[in-house]
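**Student:** sequence first, predicted model second:
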Amino acid sequence: MIIAIIGGGASGMAAALAAAECRDNQIILLERQSRVGRKLSATGNGRCNLTNLHAESWGYHGDEPEFVKPALKRFGVDNTMQWFQSLGLLTVVEDWGRVYPFSDQANSVVDVLRYALEKPNIQLLTGFEVQKVKKTEQGFRVEGTEESVFCDKLIVACGGLAGTKLGGSMSGYKLLRSLGHKCTRLRPSLVQLKSSWPLCASLKGVRAPSKVEILRDGVQHSRSDGELQFTEYGLSGPVIFEVSRDACEGGKNWVAHLDFLPCKDGNWLKEQLPAAF
Ligand SMILES: Cc1cc2nc3c(=O)[nH]c(=O)nc-3n(C[C@H](O)[C@H](O)[C@H](O)COP(=O)(O)OP(=O)(O)OC[C@H]3O[C@@H](n4cnc5c(N)ncnc54)[C@H](O)[C@@H]3O)c2cc1C
């Protein structure tokens, strides 16, 4: 069977390797950029947080977070760790169960995937930007700017809009819509937040563990604990990424409450720092 995969990102490469396990399959991996895994090499601040020991359905969001359950049941965190190890990648577990490559380099993850793709039944076509996809009687016709590819099965792994400089685009949504799929409302997630609080810029670069609550008109929309980082224009860090999906609903009157001493109550702080109150 010929299987074409559009997109040589994390998901496209993993799909190609899984499909290639059946030697009767011929895989054609189509990537519009000059090399695969560009976004992957920039993930996790260049370190690639490749999985999390606590990855379960409660950590997913959206209209139907339960949709991940069957996938995680079939291929859980242990499988992911073993899979990367089988490709030659050593990993290390850090705080909050985050797993990184032992080398601390996201490029190591890209490299092991790239080397693994060098199989006789995988054909990698870079610089191939898919423009259109047409369903045919036999399968699919996948049209690039100059040539077309025919396949029995098609996997669309074009990624989302995040990280446009690294290849993020609307392409996948358009191709899937042309095949009759529907798309839910798109909104940013796992992003930094801008703040009008002038002290953010003065504290730029400072990192601290913090409890963060996101409120709108006094009503709490989300809360989380973790590392917070001040930036020139606002707030960043894992804890902010975590709560950002609610603040990204748009509109005004969003407030972030930051608690840098969640284990102590306000009275304790007043006793310690009376001059500050
Ligand atoms: C700054 C940043 C940091 C991140 N850090 C982490 C992290 O530490 N851990 C984590 O788990 N996730 C992280 N993510 C999220 C992670 O990068 C994505 O979830 C992941 O890359 C998605 O993989 P993908 O294969 O679906 O899409 P992508 O990685 O976006 O790959 C899609 C590929 O498809 C190609 N493509 C698109 N359209 C076409 C077309 N028409 N024809 C041919 N090719 C096409 C693109 O060029 C691209 O190479 C981060 C994201 C960003 C932006």
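**Tutor:** Alright, I've got the coordinates. Remember, predicted model here, so these are calculated numbers, not experimental data.

**Student:** got the buried residues for stretch 200-210?
**Tutor:** Of the residues in stretch 200-210, 200, 210 count as buried by neighbour count, 16 or more other Cβ atoms under 10 Å. In short, each C-beta sits where N, CA and C put it, glycine included.

**Student:** for it, give the mean pLDDT please.
**Tutor:** What stretch 200-210 shows for mean pLDDT is 96.

**Student:** now do the helix or strand that contains residue 256: which elements does it pack against?
**Tutor:** Secondary structure from DSSP states H and E places residue 256 in strand 254-259. Contact partners of strand 254-259 among helices and strands, from 3 or more Cβ pairs under 8 Å, 6 or more residues apart in numbering; DSSP states H and E: strand 207-216, helix 238-247.

**Student:** nearest to residue 42, of those?
**Tutor:** helix 238-247 (14.8 Å; Cβ to Cβ).

**Student:** residue numbers of the stretch 1-150 of the chain in contact with the ligand?
**Tutor:** Contacts of the stretch 1-150 of the chain with the ligand, taken as Cβ under 6 Å from any ligand atom, map to 6-12, 30-33, 38-40, 42-44, 48-49, 129-130.

**Student:** would you single out the least confident of the helices and strands packed on strand 254-259?
**Tutor:** helix 238-247 - the lowest mean pLDDT of the helices and strands packed on strand 254-259, at a mean of 90.

**Student:** ok, it near the ligand or not?
**Tutor:** No. Contact of helix 238-247 with the ligand (Cβ under 6 Å from any ligand atom) is absent, the minimum separation being 9.0 Å.

**Student:** only C-alpha atoms, please: export that helix in PDB.
**Tutor:** Output of helix 238-247 as PDB, limited to C-alpha atoms (Å, rounded to 0.1, in the frame of the first residue of the first chain):
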ATOM      1  CA  PRO A 238       5.100  27.000  32.300                       C
ATOM      2  CA  VAL A 239       2.500  28.200  34.800                       C
ATOM      3  CA  ILE A 240       1.400  31.000  32.500                       C
ATOM      4  CA  PHE A 241       1.300  28.700  29.400                       C
ATOM      5  CA  GLU A 242      -1.000  26.500  31.500                       C
ATOM      6  CA  VAL A 243      -3.600  29.200  32.300                       C
ATOM      7  CA  SER A 244      -3.300  31.100  29.000                       C
ATOM      8  CA  ARG A 245      -5.900  29.200  27.100                       C
ATOM      9  CA  ASP A 246      -8.600  30.800  29.300                       C
ATOM     10  CA  ALA A 247      -7.300  34.300  29.000                       C
END
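
**Student:** quick one on the thing from earlier: just after the strand holding residue 256, pick out the following helix or strand.
**Tutor:** That would be, after strand 254-259 and using DSSP H and E, helix 266-272.

**Student:** biggest strand in this structure by residues?
**Tutor:** The strand that spans the most residues within the chain, counting by DSSP state E, is strand 219-230.

**Student:** quick one: buried residues of it?
**Tutor:** Neighbour counts over strand 219-230 (16+ other Cβ under 10 Å) mark 223, 224, 226, 228, 229, 230 as buried.

**Student:** quick check: the residue of the stretch 101-250 of the chain found nearest the ligand vs residue 243, distance?
**Tutor:** Across the stretch 101-250 of the chain, no residue is closer to the ligand than residue 159, which sits at 2.3 Å (Cβ to the nearest ligand atom). Per Cβ to Cβ, to the nearest Å, residue 159 is found 23 Å from residue 243.

**Student:** again, but for residue 187
**Tutor:** From residue 187 to residue 243 the distance is 14 Å (Cβ to Cβ).

**Student:** okay, the two: which has more neighbours?
**Tutor:** Neighbour tally, residue 187 and residue 243, criterion other Cβ atoms under 10 Å: the higher count belongs to residue 243, 20 against 10.
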